[in-house]
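Colleague: predicted coordinates and the sequence they were generated for:
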Amino acid sequence: MRRGMASRCNVPELPEVEVTRRRIAPYLVGRRISSLHTTADSYFFLTPPKRLRGCVEGQRVQHLDRLGKYLIAVLEGDGRLVIHLGMTGQLFAAGAASVRLLSATARASLAPDEQADFQPDDHTHLHFVFDGDGPDIYLRDVRKFGKVLFVPAGQNHPRLEKLGVDALAVTPELLFSATRKRIVPIKSLLLDQSILAGVGNIYADESLFLAGVRPARRASRVTRRECARIADGLCRVLGRSIETGGSSISDYVAPDGQDGSYQDERRVYARSGEPCRVCGTPIRKIVIGQRGTHFCRTCQR
DNA sequence: ACCGCACCCTGAGCGC
DNA sequence: TGCGCTCAGGGTGCGG
């Protein structure tokens, strides 16, 4: 069966951001940023580059947290450097670069031994240099749907204030109460970051499959029992994806190879037309809230 | 409160 | 071969 573009999607949702956090933290935490290089100002920078540099240069990174799909580097003095990876954001340390970081065209022009040697390009919006030894860190984002901002100590930002509970901490009760009196499709509610932070398109579809609930169902019509199954499905699918290194992030990927192992576990996402793994019914694709939505008519009610 | 839609951006895949 | 079109996606913000 042909794999469409969607199946290769590389969008960082909660698991991918968490995997990124775990992998990058050892290279970031405890180090002092000596300089930050950026691309030109654009809507990518919620804090303009010049001010951003002034805020982080000379600062030591105290820890690296995550809330939903946001990475939050807490600096000395408790200012926070906040990063959202958007659709194509890649945060990585020099030397840990994989060929995935380059476009197909760029890859093709490189010899194999050159491919792992990353050099900043036009899409590299942040380049951190640190005091002392250790690799530089880069943030690359081809489509610039990502965001970076600095939140001074004691201040907050609407982006963070609006976020609901981190999706890993979802409970049946939380979901049940959030769905009452809501006529939006249950899938749209799962994607609402002000309710659950971190759920994106893949994991919304996958968790609804595990719960046996059709994505188009009105949220208010989802029963308490089904809410519990959705919460459970979310925990399973998010946890499993983190375990396997995220659906698309892996240490190294062969130039024409498959993505991370989670893609082999997808039950519905980007499998439209393919047989349901449980009952064999072809997976259907519809659009809900302007998002491609995948489900099994037989297994989901 | 909710829906539909436009917008930001670019690469891949397609038809011609 | 190469052009131009379409599509995908997260999040915000608009008008209805």
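Modeller: Perfect, I can see it now.
Colleague: leaving out sequence neighbours, find the closest residue to residue A:228.
Modeller: The shortest distance from residue A:228 to any non-neighbouring residue, by Cβ to Cβ, 6 or more residues apart in numbering, is to residue A:172 (3.7 Å). C-beta: built from backbone N, CA, C; applies to glycine.
Colleague: tell me the contacts of the one you found?
Modeller: A:224, A:227-228, A:231-232 (Cβ atoms under 8 Å, 6 or more residues apart in numbering).
Colleague: any idea how far DNA strand B is from it?
Modeller: Relative to DNA strand B, residue A:172 is positioned 20 Å away (criterion: Cβ to the nearest atom of the strand, to the nearest Å).
Colleague: residue A:171 too?
Modeller: When distance is defined by Cβ to the nearest atom of the strand, residue A:171 is 20 Å away from DNA strand B.
Colleague: now swap in residue A:67 and tell me
Modeller: In this structure, residue A:67 lies at 21 Å from DNA strand B, with Cβ to the nearest atom of the strand as the measure.
Colleague: relative to DNA strand C, how far out is that residue?
Modeller: Counting by Cβ to the nearest atom of the strand, the gap from residue A:67 to DNA strand C is 10 Å.
Colleague: and that residue, what does it touch?
Modeller: A:160, A:163, A:166, A:197.
Colleague: what pairs with the nearest residue to the second one once chain neighbours are set aside across the strands?
Modeller: For residue A:163, ignoring the flanking residues on the chain, the nearest one in space by Cβ to Cβ, 6+ apart is residue A:197 at 4.2 Å. For residue A:197, the beta-bridge partners are residue A:166 (DSSP bridges).
Colleague: per-residue pLDDT, residue A:197?
Modeller: As predicted, residue A:197 sits at a pLDDT of 92.
Colleague: ok, the contacts of residue A:172 vs DNA strand B, which is closest?
Modeller: For DNA strand B, the closest of those turns out to be residue A:227, at 15.4 Å, with distances computed as Cβ to the nearest atom of the strand.
Colleague: the closest one: which element?
Modeller: When secondary structure is defined using DSSP states H and E, the element that contains residue A:227 is helix A:224-243.
Colleague: moving C-terminal of that helix, what's the next helix or strand?
Modeller: From helix A:224-243 onward toward the C-terminus, using DSSP H and E, the following helix or strand is strand A:284-288.
Colleague: tell me the buried residues in that following strand?
Modeller: By 16 or more other Cβ atoms under 10 Å, the buried positions in strand A:284-288 come out as A:284-285, A:288.
Colleague: for it, give me every contacting residue.
Modeller: Outside of strand A:284-288, the residues that reach it under the criterion Cβ under 8 Å, 6+ apart are A:185, A:187-188, A:215-216, A:272-273, A:292-297.
Colleague: and those residues, which are buried?
Modeller: Judged by neighbour count, with 16+ other Cβ under 10 Å as the criterion, the buried members of these are A:185, A:187-188, A:215-216, A:272, A:292-296.
Colleague: so the closest residue to residue A:73 other than its chain neighbours, which state does it fall into?
Modeller: Closest residue to residue A:73 in three dimensions, ignoring its sequence neighbours and counting by Cβ to Cβ, 6+ apart: residue A:81, at 4.2 Å. Secondary structure of residue A:81, reduced to three states by DSSP: H, G, I helix; E, B strand; the rest coil: strand.
Colleague: how many residues are close by residue A:81?
Modeller: Close neighbours of residue A:81, defined as other Cβ atoms under 10 Å, add up to 25.
Colleague: among the contacts of strand A:284-288, which are in helices?
Modeller: The subset of the contacts of strand A:284-288 located in helices under the criterion DSSP state H comprises A:187-188.
Colleague: mind picking the two most distant members of the contacts of strand A:284-288?
Modeller: Between all members of the contacts of strand A:284-288, the longest pairwise span (Cβ to Cβ) is found for A:188 and A:273 and amounts to 23.7 Å.
Colleague: excluding its backbone neighbours, what's nearest the residue of the stretch 51-200 of chain A found nearest DNA strand C?
Modeller: Closest approach between the stretch 51-200 of chain A and DNA strand C, counting by Cβ to the nearest atom of the strand: residue A:200, at 3.2 Å. In this structure, residue A:200 finds its nearest non-sequential neighbour in residue A:13, 3.6 Å apart by Cβ to Cβ, 6+ apart.
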